[in-house]
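> Sequence plus predicted model, see below.
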4 protein chains.
Amino acid sequence: MSVIQLDEYGPWTVEPSPRRETDLQALQARLYADFADFVGRSDGYAFFNRFDNMLGIANGIDVAEYERFQERVRNQYPITVSVGVGEGETPVRAVEVASQQLQDAGSAQDPDRREVLSAGDTSDSAGHVTVGHFDIVDVTESFTDTEHAATAGLTIQQSMIALKQRLLSEHDSIAQFVGGDNMIAVCPQLSEDAFGDVVDHVNEQTGIEFQVGIGSGPTAHSAGDRAKEALEHCRETGTRVHEATTIQQQATDD
Amino acid sequence: MSVIQLDEYGPWTVEPSPRRETDLQALQARLYADFADFVGRSDGYAFFNRFDNMLGIANGIDVAEYERFQERVRNQYPITVSVGVGEGETPVRAVEVASQQLQDAGSAQDPDRREVLSAGDTSDSAGHVTVGHFDIVDVTESFTDTEHAATAGLTIQQSMIALKQRLLSEHDSIAQFVGGDNMIAVCPQLSEDAFGDVVDHVNEQTGIEFQVGIGSGPTAHSAGDRAKEALEHCRETGTRVHEATTIQQQATDD
Amino acid sequence: MSVIQLDEYGPWTVEPSPRRETDLQALQARLYADFADFVGRSDGYAFFNRFDNMLGIANGIDVAEYERFQERVRNQYPITVSVGVGEGETPVRAVEVASQQLQDAGSAQDPDRREVLSAGDTSDSAGHVTVGHFDIVDVTESFTDTEHAATAGLTIQQSMIALKQRLLSEHDSIAQFVGGDNMIAVCPQLSEDAFGDVVDHVNEQTGIEFQVGIGSGPTAHSAGDRAKEALEHCRETGTRVHEATTIQQQATDD
Amino acid sequence: MSVIQLDEYGPWTVEPSPRRETDLQALQARLYADFADFVGRSDGYAFFNRFDNMLGIANGIDVAEYERFQERVRNQYPITVSVGVGEGETPVRAVEVASQQLQDAGSAQDPDRREVLSAGDTSDSAGHVTVGHFDIVDVTESFTDTEHAATAGLTIQQSMIALKQRLLSEHDSIAQFVGGDNMIAVCPQLSEDAFGDVVDHVNEQTGIEFQVGIGSGPTAHSAGDRAKEALEHCRETGTRVHEATTIQQQATDD
């Protein structure tokens, strides 16, 4: 996992006077888009998190490539970025290590801390990623076409936060809202039952029913792609939790 | 207020097979950036909301300009957008009207509903916008530099949701997380006390302390700019709630 | 017409050491794309010219909007731009006036000359624009599918330069290669015969045969759109020079 | 070398009716920017050539990466691209091979020829690239600050074309205008004298005096970077032709 942090961004946004909000929004969104394309090229995933602190899941990206990304940001944007890279037994542990790299180098608002690039110990072991791709059952009928945009957005966000919280506290997983009614979680290896418990818990707590496709693979992209296909299976069959390997097994059996 | 809705986006993302997640993330983020630049040119504000349903606050944009935006999206993106425009006594009411425009035209996933552009009744009355710009007191010290990126993100998001919920249910206001620890709310005319209650409520509920700058003006940008300056005043003085006009009054008094 | 000039760009590209070429290429191209979108919103045209000096044809854009564009560039790019605006009886004269505005303000590489925005006298007279849209007869068969990319590019460019030269020296027109085998010229009011002479001259000089659609209108976009339709007429009928009003006349006659 | 060709782009630009010119300009420019970032990540160079036919110099990019680029374009743009890759003893020969790959697959405007990806034979031999980076002596004083933007642009372009022509016909080199007064050439191994002859020839033919920095290396970026540094040397010393290795030699001698 990697953490991308904008250097001294808060102070910059009000220097010498507050900058126009839409300019900042567009700047952050384009930087995130560039970061998504960057990790995407190596079959990774990107999460916007808080925009000024983004997360990347990318087993195969080496330090020289992150350096190249920092160079590009410096040459194409009015701001610079620092990068911390961490590895861990669980996604949460990896983010902790990556965050630690940056915190050890100084405060996010320290004018002297610029373009840090720091990676924790990384093993040679081939990575293995599990991804859960969640969405809300019948969201278009239930919300988009019937509720007004603001209320629909809030209800969805509340259920997303409950989902994220549960995945983080109980399963050491990092989840991110990725638009629409979709949430993606990077997880340790978890059973279908564990995902089922998460979905049930959120349903009890918020009344919103999620379905989830689960996939595993050597990269976030391969795992995520399988998870998406498993989610398609949920949509077609009404199953709430489905793991991609089961599909493959069936394909082999046929 | 305007609601921008991607046409048949959900089906497109899995057609003919699930598309690569980072490609979708980058596509959504760039479209939002373009929309932010679009409303920004007319001194408006843009909220990404759910990405496939974005919100614009832009008093002065006429229907022909939205049409031009739709044309540009059609020519530069693989997808198209529908636009609903609404006016109302409160931001929430305006979003309801705008959403209604789209819902009346058909479902978001109806293949025949493409590039709708529908505006509700609009008066000639000059618009007046109130913006509250919130952030978390001492967020860098409390979170960014001390907590790891995932936990910090979650705690911040939970407080944001509580803030958004309170503003929506009690004050007919539309709020949006805009990156970092910032939340912007478009509000009816509210007293400093009303904002104070919101901040206190969220503090009690989540333990997170927000400060808020408040500004008013004929456009979202002018109101928002004053709100940002009022927020700077909070940062400097430790005040939790500050309205921009007070600052101006003082400047006149000096 | 407006001239957009990057401030102190040359020195910046080698400061503190030469910056990566692809980063610069991407930066220039995106800035041009943003400028094209900017003038396009007001039915104008944009020419990349030399990239660090771009041209805009936009009757209706006022100074406050250029200022807004400068603000956006400052907030989203690592560089800033100066803008000169000029009006004149011919496109060439208008560019001269616009260039003069910038030159009067100081050298393009003067560190103290930043974000100049200077407009010459502008009349209230409604603008009227004539656009000629040229392309090469049967370019795909003759070049793209038969010659290798580099030679095809060179031959095409040589004919483009001859075309541009002729339009500038004989007809006070500003022409720009816009990709593929297309060239667009902004002209004073010229007869079909004048365009015919240009096309014949270039054919004699380079052996390349162009066809041209001509359109007029209150904005560059409306004139250019008619020119494109006239060019479609050329493609269908084999006519070498066609003016859009003739088409409209015919439509009325039918 | 690789050739990137937009599929059926000409027909698309007028389907169902001519699309807005600024939208097309922005689309082409952003696609070129994305391609520049793509090859830049692998230390390559990108040339916009005719925009609908772009060139890449990238020794180390394998077929799977081009496929990934095609996928990204398909998911983020309304158009698709075909890619031909070629290797050769000279840059011109490599472009011929790459172009041939595409031409063998069908016409650029054949509706059935979409997203071709075809590579000629490639050897395992490590690549070696020579880059010449040209610019015009004293361009700011001579043109930018004294001539109006259109004339300055034309004069510069004419000299660029003369330079490109000479490099192509006499030295099997591919040259590209890259903005401002800069031209970059990818060359076989040529002596300083050969570059001197090119500069002299263009000066005689057009009256414009170029200087050139020359660099070699395993990638276009490393060669180009050295060329840029050699060009800085020209600027400082008044030398017209300088090869980077000479500088390094001197540095060692000191």
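Nice, I can see it. Note that the structure is predicted; figures quoted are calculated from it, not measured. Numbering: from 1, shown residues only, chains lettered A, B, ... in the order given.

> what's the pLDDT at the closest residue to chain D within the stretch 51-200 of chain A?
Chain D sits closest to A:Arg68 of the stretch 51-200 of chain A, with a gap of 6.0 Å, by CB to the nearest CB. Using the backbone N, CA and C atoms, a C-beta is placed for each residue, glycine as well. With respect to pLDDT, A:Arg68 has a value of 96.

> That one: what's it in contact with?
Applying CB atoms under 8 Å, 6 or more residues apart in numbering or on different chains, we find A:Arg68 in contact with D:Gly40, D:Arg41.

> May I have whichever strand or helix holds it exported as PDB, CA atoms only?
In the assignment (DSSP states H and E), A:Arg68 maps to helix A:63-76. The C-alpha trace of helix A:63-76 is given here as PDB (Å, rounded to 0.1, in the frame of the first residue of the first chain):
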ATOM      1  CA  VAL A  63      10.500   3.200  -5.800                       C
ATOM      2  CA  ALA A  64      11.800   4.500  -9.100                       C
ATOM      3  CA  GLU A  65       8.300   4.600 -10.500                       C
ATOM      4  CA  TYR A  66       7.000   6.600  -7.600                       C
ATOM      5  CA  GLU A  67       9.900   9.000  -8.000                       C
ATOM      6  CA  ARG A  68       8.800   9.400 -11.700                       C
ATOM      7  CA  PHE A  69       5.300  10.100 -10.500                       C
ATOM      8  CA  GLN A  70       6.600  12.800  -8.100                       C
ATOM      9  CA  GLU A  71       8.600  14.300 -10.900                       C
ATOM     10  CA  ARG A  72       5.500  14.500 -13.100                       C
ATOM     11  CA  VAL A  73       3.400  16.100 -10.400                       C
ATOM     12  CA  ARG A  74       6.200  18.700  -9.800                       C
ATOM     13  CA  ASN A  75       6.300  19.500 -13.500                       C
ATOM     14  CA  GLN A  76       2.600  19.600 -14.200                       C
END
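
> how far does that helix sit from the chain's center?
From the chain centre to the centre of helix A:63-76 is a distance of 21 Å (CA atoms, centre = their mean, to the nearest Å).

> what does stretch A:57-64 give?
Mean-position distance between stretch A:57-64 and its chain equals 16 Å (CA atoms, centre = their mean).

> Can you give me the buried ones in it?
For stretch A:57-64, burial by neighbour count (16 or more other CB atoms under 10 Å in any protein chain shown) applies to A:Ile57, A:Ala58, A:Asn59, A:Ile61.

> Report the rounded mean pLDDT for that stretch.
89.

> Report how many residues lie close to the closest residue to A:Ser222 other than its chain neighbours.
Spatially, and ignoring its direct neighbours in sequence, A:Ser222 is nearest to A:Asp43 (6.5 Å; CB to CB, 6 or more residues apart in numbering or on different chains). A:Asp43 has 24 neighbours, counted by other CB atoms under 10 Å in any protein chain shown.

> Any regions of chain A where pLDDT drops low?
Across chain A, the ranges flagged by pLDDT under 70 are A:123-126, A:140-142, A:144-150, A:246-254.

> Would you mind listing what in it touches chain D?
Contact residues, chain A versus chain D (CB under 8 Å from any CB of the partner chain): A:Asp34, A:Asp37, A:Phe38, A:Gly40, A:Arg41, A:Glu65, A:Arg68, A:Arg72.

> hmm, try it at 6 Å
A:Arg68 (CB under 6 Å from any CB of the partner chain).

> Can you classify the residue lying closest to A:Gly179 once chain neighbours are set aside by secondary structure?
The spatial neighbour of A:Gly179 that comes closest, neighbours along the chain excluded (CB to CB, 6+ apart), is B:Phe51 at 3.6 Å. Here B:Phe51 is coil, with the state taken from DSSP: H, G, I helix; E, B strand; the rest coil.

> how far away is B:Phe51 from B:Ala58?
To B:Ala58, B:Phe51 is 19 Å away according to CB to CB, to the nearest Å.

> Tell me where chain A has strands.
Per DSSP state E, chain A has strands spanning A:2-6, A:45-47, A:53-57, A:81-85, A:117-119, A:129-136, A:174-177, A:182-187, A:210-217, A:241-243. These are given in chain order.
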